[in-house]
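S.K.: this one's structure only:
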């Protein structure tokens, strides 16, 4: 029997990167999974490859009406939701002095407001399921500051705090809420083919105590554990998966 056999999961931002890894691992361990994203073709392809217990639906995570539709569709397909992985997110770089307000608000809407909407929207369904687990994907940038990532860092600090508040409120309902804080991970968000980005990845690996960047499956392993009953006594906690980065930079 799989570690999440019979659970019903929603994974946002699941058409690639970390979200795809989470969805694949949950499905492999027995969950029924609704993948959501704005990248329809890729999302449909992944869902089809993972079998009949996996579906895909288009989802703008910044819209409450979309969240209501996603939860209803998931219940219709599989039953009440027992796992939510709030994974959808974007990265944006820029100097504080010249960073555009519109871009700041876009990042906050996708990375932070979506987490609020997701948690709010699944509570009634998780009540019907008798409880559940919400996993919010934050970042090491939700633990320490990084220059030229003002919007991203703000959003990920917010996710960390929202997780703790929601955990306190939802504990009596048998709903657990935890945050995951990846370090530098090899995903399309971080691994574009420019020379500057390659240099940044090399510097990131050099700064990480274990001497390399992480892989999506290494984050998915923690998400799986939090989705499962193995973590039933964990709520409001921060799970760093960063090769030791939050302990400090590796000596050269």
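M.R.: Perfect, I can see it now. It should be emphasised that the depicted structure is a prediction, and the values quoted were computed from it without experimental measurement.
S.K.: any idea which residue sits dead centre in the chain?
M.R.: Among the residues of the chain, the smallest C-alpha distance to the mean C-alpha position (CA atoms, centre = their mean) belongs to residue 87, namely 2.2 Å.
S.K.: My read is that that one contacts residue 22, right?
M.R.: Yes - because the distance of 6.1 Å satisfies CB atoms under 8 Å, residue 87 is recorded as touching residue 22. C-betas here are computed from N, CA, C, even on glycine.
S.K.: hey, what's in contact with both of the two?
M.R.: Common neighbours of residue 87 and residue 22, counting by CB atoms under 8 Å, 6 or more residues apart in numbering, are 11, 14.
S.K.: Give me the buried positions along the longest helix seen in the chain.
M.R.: Secondary structure of the chain read by DSSP state H shows that its longest helix is helix 150-170. By 16 or more other CB atoms under 10 Å, the buried positions in helix 150-170 come out as 150-160, 162-164, 166-167, 170.
S.K.: the bottom helix or strand of this structure by mean pLDDT?
M.R.: Of all the helices and strands that make up the chain, the one with the lowest confidence by mean pLDDT, DSSP states H and E is helix 195-207; it has a mean of 72.
S.K.: Would you mind identifying the next helix or strand past that one?
M.R.: Downstream of helix 195-207, the next assigned helix or strand under DSSP states H and E is helix 216-227.
S.K.: who does that following helix touch, helix- and strand-wise?
M.R.: Identification of packing neighbours for helix 216-227 by 3 or more CB pairs under 8 Å, 6 or more residues apart in numbering; DSSP states H and E yields helix 17-28, strand 83-86, strand 132-137, strand 175-182, strand 238-241.
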